[in-house]
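Asks: my questions concern the predicted model and sequence given below.
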Amino acid sequence: MEGKAVHMSMNGSHDAYPDMVRIYHADSGNLTLETRVIKTLAEWESVLTPIQFSVARLKCSEPPFSGAYHDLHNRGIYRCACCGTDLFSSETKFDSGTGWPSFSEPVHRNNVTFREDLTHGMVRTEVLCTRCDAHLGHVFDDGPLPAGTRYCMNSASLIFIPGAVLGNTREQRKSKQDRTQ
Ligand SMILES: [Zn+2]
């Protein structure tokens, strides 16, 4: 199932501090200014597992139905495997049938960055971690309403943290976003 690519350019970049990004924290519900995490490929390779490194840093896709999270339905937060940034909540996870963990939206739009991906003869929108530039997967426009987006992610780029999803209701996110615009 391949949806059309979604084109978005928003990210958490902070104009006055290019090395800083405003990141949302699911536990507190707050946005704070954080330093970007920048490492060489060799440095990433030394701290990640082989599958984490090939997916998150070399942009390979894990085979469908092979990852740890495509069929996980527990309550919790999915963080970036490279830098620990909160990325997705179990609240927005849905079973897409693709074999990759799928979400209708991120915990906050600041925490992910979008880039046009023209590889493999397709026009897709790549999704990256705003703080460390990890490759997470792609976003398509055939997701469930009301968001309508399908974030097709790789388990290898994520770390699941089980537990409560405090500060992360749709209402709280909306009010945070309204206040920071
Ligand atoms: Zn990251």
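Replies: Right, received. Where do you want to start?
Asks: residues of the protein that sit close to the ion?
Replies: Counting by C-beta under 5 Å from the ion, the chain comes close to the ion at Cys80, Cys82, Cys83, Thr85, Cys129, Arg131, Cys132, Ala134. C-betas here are computed from N, CA, C, even on glycine.
Asks: let me see the ranges of the helices in this protein.
Replies: Under the criterion DSSP state H, the chain contains helices at 41-47, 50-52, 170-180.
Asks: worst mean pLDDT among these?
Replies: Comparing mean pLDDT across those, the weakest is helix 170-180, with a mean of 51.
Asks: for this structure, name the helix or strand with the lowest mean pLDDT.
Replies: helix 170-180 (a mean of 51; mean pLDDT, DSSP states H and E).
Asks: and stretch 130-147, average pLDDT?
Replies: Here the average pLDDT along stretch 130-147 is 96.
Asks: wait, I meant stretch 89-104
Replies: pLDDT averaged over stretch 89-104 gives 97.
Asks: name the surrounding residues that touch it.
Replies: 1, 26, 62-67, 69-78, 88, 105-107, 137, 143-144, 147-155, 158, 165, 168-170 (C-beta atoms under 8 Å, 6 or more residues apart in numbering).
Asks: what are the buried residues along that stretch?
Replies: Ser89, Ser90, Glu91, Thr92, Lys93, Ser96, Gly99, Trp100, Pro101, Ser102, Phe103, Ser104 (16 or more other C-beta atoms under 10 Å).
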